[in-house]
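Trainee: fold the stuff below for me.
(chains A and B)
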Amino acid sequence: MSVSPAIRLFAAVTLAAAATIGGLAWLRSQNPSNGSVLQPSAPAAPFVLTDSDGARFDSARLKGKVALIFFGFTHCPDVCPTTLAAMTRVLEALGPEAADVMPVFISVDPARDTPDEMKTFGSLFDPRIVMLTGTPDEIAAVVRDYHIYAAKVALEGGGYTMDHTASVQLYDRESRFRSTFDFHEDDGVILEKVRLVLARGG
Amino acid sequence: MKRLITMIAMFALGSLAQAADGAISLSGVWVRASAGGNSAAYATIANSGAAEDRLIAVKGDVSTSIELHEVVMDGDVMKMRPVEAIAVPAGGSVELKPGGYHIMLIGLKAPLVEGAHVALTLVFEAAGEVALDAPVQTAVSTGHDAGHDHSDMH
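Mentor: From the prediction side, this is the model:
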């Protein structure tokens, strides 16, 4: 007895649907959420910068931690404090999990952002956020290596502002780029992204 | 009874800053705490009038200068630019909030500590001057609490 094409199609669709549902259920059981992270690429380039105590900070210290790296400047009145505020709330929400996270703020304005300026600015946020600055050459190199856009824009009064990438980059324990978030996103979404990298990143 | 209602209404409005002709009112006013350098003030500006009004300047002695700024996103790049004015539509409102418009306080004369108040005078093209005391909130604030802490009318 031959099977009609309609029945064969029905069987195929049913099988495909069952496989999809089964596969999704398996994926869900493996993951904390439906979200995803980027496939691991090569580890980010190493750097050595200066922290807000004036001590040298080697990026080797990021290894074994999930790094949240944000580039900005201390004269920034809006997006930078808003982003560092989100990082502060997320660190609090992570509780003990935060021990596996290293939040880092890197200046794109080395001319004005001395370690002292970084310390003052950083005092408003979670003290676990590592505040880094450097020489113009060191900052130019890290901006390039981390694919950050940063440009000085003159203001009428004689001062200047900095246009810069507003995304926070998430790196896994092997310093591989895995995800981003920015200040537009709800705390819950940001928290989930950090947890995804914690769960799956390296 | 009518007088009582009027009195209650006046009392309620007393917690909001309002221009002399009553068309402009402000709510959710706050300033971000800052250890020095710069900061920003935010508010929701409502216009009950029949014509558009424009916020054209802000005066105050908290900082060396005060400008109106807008943050625009170009892809994932943040760009902050001065604007000449912020329009408040007739019968509508405009929200000054992180990632949008803000009143930029440039060159603070002293750190802004949570719980303090900053005296600012907003200058509107039509409504004239509106004075307010903006409460300083923690730098970690999202501004969502600001609605409960209205500015005081001068």
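Trainee: where does the chain have low pLDDT?
Mentor: With no chain named, the answer covers chain A. Counting by pLDDT under 70, chain A contains low-confidence residues at A:1-34, A:201-202.
Trainee: you looked at the wrong chain, it should be chain B
Mentor: By pLDDT under 70, the weakly predicted segments of chain B are B:1-21, B:142-154.
Trainee: which residues of it lie near chain A?
Mentor: If contacts are counted using Cβ under 8 Å from any Cβ of the partner chain, the residues of chain B sitting beside chain A are B:32-40, B:65, B:67, B:69, B:71, B:73-74, B:76-80, B:82, B:98-99, B:102, B:104-106, B:138-142. To be clear about C-beta, it is placed using only N, CA and C from the backbone, and glycine gets the same treatment.
Trainee: so among the residues you listed, which ones count as buried?
Mentor: B:32-40, B:67, B:69, B:71, B:77-80, B:98-99, B:102, B:104-106, B:138-141 (16 or more other Cβ atoms under 10 Å in any protein chain shown).
Trainee: let me see the ranges of the strands in the chain.
Mentor: All of this refers to chain A. In chain A, the segments counted as strands under DSSP state E are A:48-51, A:56-58, A:66-72, A:101-107, A:130-133, A:150-154, A:160-165, A:168-171, A:177-181.
Trainee: chain B was what I was after
Mentor: Under DSSP E, chain B gives strands at B:17-18, B:24-32, B:39-47, B:53-59, B:63-74, B:77-82, B:86-88, B:92-96, B:101-108, B:117-124, B:128-137, B:152-153.
Trainee: helices and strands around the third one, which ones?
Mentor: Packing contacts for strand B:39-47, counted by 3 or more Cβ pairs under 8 Å, 6 or more residues apart in numbering or on different chains; DSSP states H and E, involve strand B:24-32, strand B:53-59, strand B:86-88, strand B:92-96, strand B:101-108, strand B:117-124, strand B:128-137.
Trainee: could you rerun that using 6 Å?
Mentor: Strand B:39-47 is packed against strand B:24-32, strand B:92-96, strand B:101-108, with contacts defined by 3 or more Cβ pairs under 6 Å, 6 or more residues apart in numbering or on different chains; DSSP states H and E.
Trainee: can you tell me which residues in chain A are near chain B?
Mentor: Along chain A, the residues adjacent to chain B under the rule Cβ under 6 Å from any Cβ of the partner chain are A:75, A:77-79, A:81-82, A:85, A:88, A:120, A:123-124, A:149, A:161, A:163, A:165-167.
Trainee: picking up where we left off before, how about the strands of chain A in a markdown table, adding mean neighbour count and distance to residue B:113?
Mentor: Formatted as a markdown table, the strands of chain A follow (neighbours: other Cβ atoms under 10 Å in any protein chain shown; distance: least, Cβ to Cβ, whole Å):
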| stretch | mean neighbour count | distance to residue B:113 |
| --- | --- | --- |
| strand A:48-51 | 18 | 25 |
| strand A:56-58 | 14 | 29 |
| strand A:66-72 | 26 | 22 |
| strand A:101-107 | 25 | 22 |
| strand A:130-133 | 26 | 20 |
| strand A:150-154 | 13 | 30 |
| strand A:160-165 | 21 | 25 |
| strand A:168-171 | 25 | 27 |
| strand A:177-181 | 22 | 29 |
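Trainee: residue contacts, residue 87?
Mentor: If you meant another chain, say so; for now it's chain A. With contacts defined as Cβ atoms under 6 Å, 6 or more residues apart in numbering or on different chains, residue A:87 is in contact with residue A:103.
Trainee: hmm, no, I was thinking of chain B.
Mentor: Counting by Cβ under 6 Å, 6+ apart, residue B:87 touches B:52, B:54.
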